[in-house]
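**Student:** Here is my input; please provide its structure:
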Amino acid sequence: MNRLKYLISDLDGTLTDLDINWNQIRETIRQILGTNHPLKPLATSIPEAARGDPKLIREAYRIIEEYEYKAALKARRDNKLIEFLGRIKNLGFKIALVTLQARRPAIKVLENLGVLEYFDIIVTRDDSIIREEQLKIVLNGFKAKPEETIFVGDTVWDLEAGRKLRLKTFIVGGQNENCNINNITKLIDKLTR
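**Tutor:** Predicted structure coming up:
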């Protein structure tokens, strides 16, 4: 663990579980775009589903951001998460967030969880809709080497991006068979074994 210096985390499904009905959002976006595209992953498939139309793309992201912000307002202080991030900081780590949510709702979630102050870099959909690019932005911002960096996400796309960049990658929860940690707050236990 002594050569690890950086922690990058996803937001929804990793740091916290937001009350967002993604299937409902997908259906709303399909109607607006006039498509039956599966919209998975949602943020990255919008440009293709909108056939590159800038107005439709902007409208789709605007609607998604409304849903995200409403969910962000419901996020509540998480003392376990605060304690975990405090411990990580005390170990000398720099911490970054990567999320496919928009910046405004992402910041609101972090504020409401009580953890905004722990993040040195925040990269959102407003910076890039490609997870691998988001991770590269963080690595460049920290001037970090992949072998010094932990990435925690919750999807198969997170796993693929983390592995492609050779980051020490952990997948939270049971959304796929690659789950190797139940909760991000258990990460320290996993690293100190």
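
**Student:** Show me what the helix-or-strand element of the chain with minimal mean pLDDT is packed up against.
**Tutor:** Least confident helix or strand of the chain, by mean pLDDT, DSSP states H and E, is helix 187-191 with a mean of 77. When contacts are defined as 3 or more Cβ pairs under 8 Å, 6 or more residues apart in numbering; DSSP states H and E, helix 187-191 sits against helix 79-90, strand 149-153. C-beta coordinates here come from the backbone N, C-alpha and C atoms, glycine included.

**Student:** what residues does it touch?
**Tutor:** 1, 4, 7, 84, 87-88, 150, 152, 170, 180-181 (Cβ atoms under 8 Å, 6 or more residues apart in numbering).

**Student:** Now the buried members of those.
**Tutor:** 4, 7, 84, 88, 150, 152, 170, 181 (16 or more other Cβ atoms under 10 Å).

**Student:** Mind listing the residues bridging to the second one?
**Tutor:** What that stands for is Leu7. Ile95, Ile150 (DSSP bridges).

**Student:** Can you pull out the low-pLDDT segments for the chain?
**Tutor:** Of all residues in the chain, those with pLDDT under 70 make up the ranges 1-2, 174-178, 192-193.

**Student:** which residue lies farthest from the center of it?
**Tutor:** Within the chain, Gly34 marks the point farthest from the mean C-alpha position, 27.9 Å out by Cα atoms, centre = their mean.

**Student:** What residues does Ser45 make contact with?
**Tutor:** 37-39.

**Student:** CA atoms only for the lengthiest helix in the chain, dumped as PDB, please.
**Tutor:** With secondary structure taken from DSSP state H, the chain has its longest helix at helix 54-74. What follows is helix 54-74, C-alpha atoms only, in PDB (Å, rounded to 0.1, in the frame of the first residue of the first chain):
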ATOM      1  CA  PRO A  54     -26.500  19.500 -31.100                       C
ATOM      2  CA  LYS A  55     -29.900  20.800 -30.000                       C
ATOM      3  CA  LEU A  56     -31.200  17.300 -29.200                       C
ATOM      4  CA  ILE A  57     -28.000  16.400 -27.400                       C
ATOM      5  CA  ARG A  58     -28.200  19.600 -25.300                       C
ATOM      6  CA  GLU A  59     -31.900  18.900 -24.500                       C
ATOM      7  CA  ALA A  60     -31.200  15.300 -23.500                       C
ATOM      8  CA  TYR A  61     -28.400  16.300 -21.200                       C
ATOM      9  CA  ARG A  62     -30.500  19.100 -19.700                       C
ATOM     10  CA  ILE A  63     -33.300  16.600 -18.800                       C
ATOM     11  CA  ILE A  64     -30.800  14.100 -17.300                       C
ATOM     12  CA  GLU A  65     -29.300  16.900 -15.200                       C
ATOM     13  CA  GLU A  66     -32.700  17.800 -13.800                       C
ATOM     14  CA  TYR A  67     -33.200  14.200 -12.600                       C
ATOM     15  CA  GLU A  68     -29.700  14.200 -11.200                       C
ATOM     16  CA  TYR A  69     -30.100  17.400  -9.300                       C
ATOM     17  CA  LYS A  70     -33.400  16.300  -7.800                       C
ATOM     18  CA  ALA A  71     -31.700  13.100  -6.600                       C
ATOM     19  CA  ALA A  72     -28.700  15.200  -5.300                       C
ATOM     20  CA  LEU A  73     -31.000  17.200  -3.100                       C
ATOM     21  CA  LYS A  74     -32.100  14.000  -1.300                       C
END
